[in-house]
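Engineer: Fold the following for me, if possible:
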Amino acid sequence: MSFEIIRNDITKVRADAIVNTANPAVAVGAGVDKCIYEAAGWDSLLAARAKIGRMNRGQAAYTPAFGLDATYIIHTIGPVWRGGHSGERETVANCYRNSLAIADELGCESVAFPLIATGSYGFPKDEALRIAVREISSFILDHEIDVILVVYDEESFQVSGKLFNDIRAFIEEKDVVPFPYTYGSVESSAINTESKGYKRRRRELLAEEERRAFGITGSSYVEHLLDAEASEDAEEKVFYLSKKQTLDDRLAHLDKTFQEYLFMLIDRRGLKDPEVYKKANIDRKLFSKIRGNVNYTPKKKTVLALALALELSLDETKDLLGRAGLALSPSNISDTIIEYCINNKEYDIYEINCILFDYGQDILGG
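Structural biologist: Okay, here's the model as predicted:
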């Protein structure tokens, strides 16, 4: 089970079923409908579509996929946008619900959707995206199926709403720009190395490396840093702890691994595995790999998805990331968005993924 949003041509996507925004009559429409007919084979698909007959708005039915890299084409009829006063939103929702139900009945393991009715029918793209995300995320909580939402390359839209606007203001306030550093070294190109901000960030990065390397967490580490705060030398702060204990001492008292800490948090919250990986938009097989392989190192987007699913605080999220050898960056747009959401207790991963997608960032999950 997973949900992915991509920019692509839906006829190029591999899935068990491809959803087509069809014409109500037995005729080839414009946009996605025309592209699918051309890719599947015009005559064969039109003959199969004729057996279904005329369809109503919101209805869904299926045919073979013919020349597409799929088994089925699920045809659904979206509404013509008339200002939102004629039940258009509910009709679009029914398109997703009915198409997903058919895919499930057919035993499909994967299905790809376009943004229904956003082409010649004129449905607003931002609203269409929200409806799609809502209906798909609701469905996959109870069904084992991979869903791909395909936004055509040339389509453009902007997600709206209070959360999005608040995040945009937060990003602009922080003035997030690329910060050229890598863990293990701090690069200074295109940066004023004498600035207080740079020196402070350099100390933070080196201190974070020290903390991750030796598994040091909690108030004791903060106390050590406060003791060393008077020092203006970043290296002296980083290696301050080495004066307090030997390397052997530290290695003998390593903290919990990522895996141990994750499943401790899950147990503390009284959650079952399916509740966690579905809410985190993570495939069951990947979650089983995390549980079963103590040496498995997940990707950052997977760790963040788990943090959101468990509704962790920002400190808990940083701790979980640190145990996987990862960290949040103040110069990264994606990390800034996630930081804002966690601080404001916004944990809906599908809503967050809409915003990440709009900013051109990778969405969370695995």
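
Engineer: tell me the secondary structure for the nearest residue to residue 70 once chain neighbours are set aside?
Structural biologist: Once flanking residues are discounted, residue 70 sits nearest to residue 18: 4.7 Å by C-beta to C-beta, 6 or more residues apart in numbering. No exception for glycine: its C-beta is placed from N, CA and C like everyone else's. Classification of residue 18 by DSSP: H, G, I helix; E, B strand; the rest coil places it in strand.

Engineer: what sits against residue 18?
Structural biologist: 10, 11, 36, 65, 68, 70, 72, 73, 74, 111, 112 (C-beta atoms under 8 Å, 6 or more residues apart in numbering).

Engineer: In helices, which of those residues fall?
Structural biologist: residue 36 (DSSP state H).

Engineer: Which ones among the contacts of residue 18 lie within strands?
Structural biologist: If you go by DSSP state E, the contacts of residue 18 have 72, 73, 74, 111, 112 in strands.

Engineer: follow-up on the earlier one: want to throw the contacts of residue 18 into CSV with pLDDT?
Structural biologist: Shown next, in CSV, are the contacts of residue 18 (pLDDT from 0 to 100):
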residue, pLDDT
10, 92
11, 93
36, 93
65, 96
68, 94
70, 96
72, 97
73, 97
74, 97
111, 97
112, 96
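
Engineer: Same list (the contacts of residue 18) but as CSV, adding distance to residue 337.
Structural biologist: Shown next, in CSV, are those (distance: C-beta to C-beta, whole Å):
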residue, distance to residue 337
10, 27
11, 31
36, 34
65, 37
68, 35
70, 33
72, 36
73, 36
74, 33
111, 28
112, 26
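
Engineer: Helices of the stretch 51-200 of the chain, start to end?
Structural biologist: 88-105, 125-140, 162-174, 196-214 (DSSP state H, counting those that start in this stretch).

Engineer: So for the second one, what gets flagged as buried?
Structural biologist: Along helix 125-140, the positions that meet the burial threshold by neighbour count (16 or more other C-beta atoms under 10 Å) are 125-137, 139-140.

Engineer: which stretches of the stretch 51-200 of the chain have low pLDDT?
Structural biologist: For the stretch 51-200 of the chain, applying pLDDT under 70 flags the ranges 153-162, 164, 174-200.

Engineer: The stretch 201-350 of the chain now?
Structural biologist: Ranges of the stretch 201-350 of the chain meeting pLDDT under 70: 201-254.

Engineer: please redo it, this time with the cut-off set to 90
Structural biologist: 201-257, 278, 281-286, 293-297, 330-331, 348-350 (pLDDT under 90).

Engineer: tell me which of the buried residues of helix 125-140 is nearest to residue 94?
Structural biologist: residue 135 (9.0 Å; C-beta to C-beta).

Engineer: Test my guess that the closest one contacts residue 100.
Structural biologist: Yes. The criterion here is C-beta atoms under 8 Å, and residue 135 meets it with residue 100 at 7.3 Å.
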